[in-house]
Each structure stands twice: as structure tokens, then as C-alpha cells.
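# pasting the structure only:
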């Protein structure tokens, strides 16, 4: 896997190169947007990490130019500005993900893995791009859920919860498991959070339909199955 | 005013009437012939001339011709019915002036012209033509009643018209005011309309110049904040990254001693602290500059809260403080937790409240978070198990850089968190309550209006 890091701060690109190389990627560095465009046209990179603030141009423009030049791989944007608005601007310009400085290196690696996985899935080289149980279908690329062909409107977290259950059908999932996997929260106590969220999900996924898919296993947790 | 007007009209009308009457008399005089017997003959056509318009009924007019001694020579009406008045004084005046006018009553008012008529070979005669004033009086009455209605109406119309004119004249001013009001810090590119009127044009141009200068200042500040974000965060990101990469490589080579590990851990924590401080300062700077242009949207408060809890999961376990989060309600309808808000800011609000609670809880300790929804409000309570807040300090805990005296000793931080919490709450019209008993911990309650 070959990654292009577009970053003018030498120290920043330094540790990125070091850390990514250690994680098993081959890394090239471009110090300006223009250089990045030239390099991307010569080498077929698997992923580009792009700083929004570059000396010669705005990273958003660089992303647009890369896309116009035909770069199809994932672009991960790095920026100092947080907030939804900045994120939307980044994603609109053609980036696939967005990370705010400073970030944990582990998170950067996780994002890169996810982007590469999603990308290979989109191009038909990896595992399925959708999950299905009975008449319930999740499209993992568009993050949309359908039941009986009708779209169910879920929030991002509700989708994650349903995706987790769809990935482990016909198996009892404990509240602790769900909380850890879906929300990355580790409570050492009993909380009714999962019960409330499962009920909210039921309202959208099960209530309007005759067959129920989400079942309570008293004393243990929840199970997703065709009854 | 009405009376003057009426008098004026009356005088003018009288003069016009007399002039018409005089002309009528002249016409009759010319239509009067002397027969070879010396008799006077008045041609009927002059008396009933319908081609001329008179302000009186011709049919009702009376013509008498008198000698200078007053003897009636000719009359169109039987004399026993009507004898037009003519005294010696009038005869002399008429002889001197050629014509005189008088008014007399006989059943109705008549206006009489006495006209000195010369018909040779006869001596000078006096031609008297009397016409009824009924038409004129009727007309006058009409004018009077017209005046009575017209004048108030005119006044009213003039008033309303004036008002409309004034409003029309002020319209550009109102437009300027309206536009100026609608211009916020976030859309300083708008300009007030420039009307054609010179003075107003001047005013508008001055306002627009002012706006241009303001816009420049704001844009400068926005750019400064963006630059500051970049400049402050890049070195932090580098330190952070270098540390992370080094620690990762240590894990694999297992070459580092305990001392180095502790050092790296400590530096790493300080970097996190500094990053958080930079974030908070920049956020407050954006609040203060009015640059944070927000469009509140339909958001799920519960998801913003649980996202904040998820971000703090690691910290709470490192600090040995247990987080407890429960829905304090039977409700499981997603719409029960919908409010108008900004998801990122709500998440920051909850993050700061919970982070604070973790900081001020004893280790090991517990932070309880409860979320409830009733008919109108979504209520979040964050309760720590710390020493509580002194009653005299409760009023100032939301001040920037304020840190409680008890608390200062225990934990790191600069006291920006709650100031940010109160700013975000204000944006959302949310209410914050603080309840604290000594050694019972402090409880912060945030109430956000449901949609």
C-alpha cells in the first residue's frame, strides 16, 4: 500500500512518514499542492493524506484538482479547524474522511484502514457491501437501511447499532458488548441506555412491519433473528 | 376658513349674476323698438332666448319700462300683480351710472337691474329687468352644503395624502434601517440600498463604507482565528504524533525502560491538556467575535450526550471514575429527544460538564448522568461525587478562568470549561441549574426545549 502525504510542515510529515512506514505502508511526501498533483499523476497511490493549509493553495482546491485529474483512491484530510461546517466543506471538495489536529496516531491508522477497506469493497475486491436479514437490508456504502424495499431513516449511531447486530445475527448480544462495540463505552455497571436505544431502533425497524427481527433475551441481552 | 370661502364665492357669484343680468338688460334694450306711433315694442325673442345660458329662469323674469318720473310705460306682467320698486334716488343713480342693481322680496327674492335706455326720439327711459333669485339661492345652498362636506373631506384627504407622501419620502430611510438591522456579523457583505435622493444617498454611502470597514475587520479576525488554530495546533499535532509514533515503536522493540515510559505518558497528558485549552480558547474567541454563525437544526440531544460520554470513556477509566448513564424516563420515542441545536456544540457542552465532573470526583469515584424528557423539556443532569461547590462560589463558576478554591488544589485545568458551557447553553436558550451540598457533590442540570 502506497500513501502520499501532502504536508508542508517538515516535522509533521516526518513523524507521519515514520509512523506510517512502521505500520507497513510505503510513504511519499509532497510539500505543496502542485507537487502532489504531479506526483499523483505519476504514481498510482492507494491513499492520499492531505493537509488543508498548504503554502501554495488551499487543500480543498488540491482535493478538487486531484479528483479532476482522475485520482479515485481515498483522500484523508487533516485540518486545524474542527466543526461540522469545515468537515462538510472538506467532504464536498472530494475528501473521504477528515481528521482534526492534533490527533492520536492510532486513530489515524484506524481511519486509513477503514478507508482502504471501504475503497476495496466499493471496487468489488473485498467483502460484501451490504448486509441482509429477511427483508431488512443495509447498504454499507451509502449507510442506508431498507426494509421490504422501503427506506428506514436512521441516525448514524442507530445505523451503527443495527449494523453491529446484522453482523452478528442469531447470536445473543449482551448490553455490555453492544455498548463497547457501538459506542466504545465501557461501563462497569448496569445501565438502561442499551434498552432505550434498542427500543428506539425497534420503533423504526420493527414496529411498522408484521414480523419482528429484534428480540429480547431476558437476563442476557438482545438477539437479531427471523422468528 | 369655510365662512371666508363662502363669502368669497357669494360675492363672485353675485358679480357674475349681476353681469349676466346686465347683459340680459342690454339685449332687451336692443330688442326694443319704437313704433311709428311712438309706442315701445319688446321683441319676444329677447325675453325667451334659449341660446343663452342665464343663471336665472327667463320665463319668470319681469320686464318693465319706466319713464324718468317713474311712470310705467310697459310691463310684461299685469301691474296690479307686480310693480317693480323704483324710487327717486335710484332713478338719479341710474341716470348717472347707466345701471343700478337692487334686490326685493315678493313671494321670492328678485334681483333687479335698472338700465338707462335711450330710444330716440323718445326721452331716456329706465328699463327694469327683474329675475328670481331662486336658482342662485339654490346654487348657494348647494355650494354651502358642498362646502360643509367637501372641506372636512378635503382636509382628511390632504391629511392622508400628506401622510402617504411623508411615508413615501421616508420609505428609503426605512429600507436603510431594515437592511442595517438585518446585517449581522456573519453576513457583513450585505449593503444598505442607495436611494436617489442626495441626502439619503450620502447617508447610505457612509453606512456602506462603515460596513466595508467592519467587514474587513471581521474577516481579518476570522482569518486570524483560522491562522491561530493552524499555528497552535500544528506543533501540538507534531509533538503528539512524534510521541505516539515513538511509543508504538517502543511497544514492538520493548527497548524502553519504565522511566522513559512514564515520561512519555506525562508529556502526552500535558499535550492533551494543552490541545484542549487551545480548542477552548479558539472556541471562546469565535464566540466573542460573533463569527460562529449558527443555523440551529433538528438534533438528537441524547446522541450528542452519548457521543460526549464515549469521548470521555478513556479518561474516566484512567482516572478511576465510573461513569453511570441512564435514561430517567420510560420514553423510547426518538422524537422525545429532539431539539433545535448545533450537534457539535451540544457535544462540547456535555463533554465539558462531564469532564469537569470527572476532574472533581474523588478517585475512585462516580459520575452519574441522567437524561429525561417530559412534555416540554429535555433534561440532562451530571452529578459528581466531589466536595461540592461553596455556596458563595456558585454565582461565579461560569466566569472565564474562575476556579473554585477547593478545587484548584486537586486537578489540572484553567477554568474555561464552564464558561463555554454557559455560552453554548445561551445559544440554545437552555437553562443551567447548579445544585450543590457540601460533600454531596455538585449536580449540573441542563434543560433544553423540546421541538
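Now that the structure is in, tell me what you want to look at. This structure is a prediction, so every number in the text was calculated from the model and none was measured. Numbering: from 1, shown residues only, chains lettered A, B, ... in the order given.
# quick one, strands of chain B?
Ranges of strands in chain B, per DSSP state E, are B:32-34, B:40-42, B:62-67, B:72-75, B:99-106, B:108-117, B:125-132, B:297-300, B:321-327, B:338-341, B:365-373, B:377-383, B:431-437, B:441-449.
# Leaving out chain neighbours, which residue sits closest to residue A:135?
In this structure, residue A:135 finds its nearest non-sequential neighbour in residue A:148, 4.6 Å apart by CB to CB, 6 or more residues apart in numbering or on different chains. The way it works is simple: take the backbone N, C-alpha and C, and place the C-beta from them, glycine included.
# ditto for residue B:85
residue B:104 (5.2 Å).
# and if you look at residue A:16?
In space, and not counting its chain neighbours, residue A:16 is closest to residue A:5: 5.1 Å by CB to CB, 6+ apart.
# Wait, a helix at the one you found?
No. Assessed with DSSP: H, G, I helix; E, B strand; the rest coil, residue A:5 is strand; it does not lie in a helix.
# bridging residues for it?
Assessed by DSSP bridges, residue A:5 has beta-bridge partners residue A:29, residue A:49.
# Could you double-check that it sits in contact with residue A:13?
Yes. The criterion here is CB atoms under 8 Å, and residue A:5 meets it with residue A:13 at 5.3 Å.
# Among the two, which residue is more densely surrounded?
More neighbours surround residue A:5 than the other of residue A:5 and residue A:13, with 25 against 21 (other CB atoms under 10 Å in any protein chain shown).
# Could you check the pLDDT of that one?
The pLDDT attached to residue A:5 in the predicted structure is 94.
# Could you check how far it is from chain B?
Separation of residue A:5 from chain B (CB to the nearest CB, to the nearest Å) stands at 12 Å.
# List the contacts of that residue.
When contacts are counted by CB atoms under 8 Å, 6 or more residues apart in numbering or on different chains, residue A:5 is found next to A:13, A:16, A:17, A:20, A:27, A:28, A:29, A:30, A:48, A:49.
# all helices for the stretch 201-350 of chain B, in order.
With helices called from DSSP state H, counting those that start in this stretch, the stretch 201-350 of chain B shows them at B:258-289, B:301-318, B:343-359.
# Out of these, which is the most enclosed?
Looking across the helices of the stretch 201-350 of chain B with neighbours counted as mean count of other CB atoms under 10 Å in any protein chain shown, the highest average goes to helix B:343-359: a mean of 23.
# how distant is that one from the center of its chain?
Put simply, helix B:343-359 sits 41 Å off its chain's centre (CA atoms, centre = their mean, to the nearest Å).
# can you check stretch A:200-216 too?
With CA atoms, centre = their mean, you get 26 Å for stretch A:200-216.
# close to chain B, is that stretch?
Yes. Contact of stretch A:200-216 with chain B (CB under 8 Å from any CB of the partner chain) involves A:200, A:202, A:203, A:204.
# quick one on the thing from earlier: so which of the strands of chain B comes closest to residue A:78?
Shortest distance between residue A:78 and these, using CB to CB, is found for strand B:297-300: 26.4 Å.
# Counting by contacts, list what the closest one packs against.
In terms of contacts (3 or more CB pairs under 8 Å, 6 or more residues apart in numbering or on different chains; DSSP states H and E), strand B:297-300 is packed against strand B:338-341, helix B:343-359.
# Dump those to CSV, plus mean pLDDT and distance to residue B:93.
Shown next, in CSV, are these (pLDDT from 0 to 100; distance: least, CB to CB, whole Å):
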stretch, mean pLDDT, distance to residue B:93
strand B:338-341, 93, 97
helix B:343-359, 91, 103
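# Which one of these lies nearest to residue B:279?
Counting by CB to CB, residue B:279 lies closest to helix B:343-359 out of the helices and strands packed on strand B:297-300; the figure is 8.6 Å.
# Could you check the angle the closest one makes with helix B:258-289?
130 degrees (axes from the mean of the first three to the mean of the last three CA atoms, to 10 degrees).
# So which elements touch helix B:343-359?
Applying 3+ CB pairs under 8 Å, 6+ apart, one finds that helix B:343-359 contacts strand B:297-300, helix B:301-318, strand B:321-327, strand B:365-373, strand B:377-383, helix B:417-427, strand B:441-449.
# following the helix or strand of chain A with the lowest mean pLDDT, which helix or strand comes up?
Counting by mean pLDDT, DSSP states H and E, chain A has its least confident helix or strand at helix A:84-92, which shows a mean of 72. As assigned by DSSP states H and E, the chain's next helix or strand after helix A:84-92 is strand A:97-100.
# Which positions within the helix or strand following that next one qualify as buried?
Using DSSP H and E, the next helix or strand after strand A:97-100 towards the C-terminus is helix A:105-122. Judged by neighbour count using 16 or more other CB atoms under 10 Å in any protein chain shown, the buried positions of helix A:105-122 are A:105, A:108, A:109, A:111, A:112, A:115, A:116, A:118, A:119, A:121.
# And for helix A:105-122, what's in contact with it?
A:1, A:3, A:15, A:19-20, A:23, A:25, A:46-47, A:49, A:73-74, A:76, A:96-97, A:99, A:126-129, A:140-141, B:240-241, B:244-245, B:248.
# Perfect, I'm done here.
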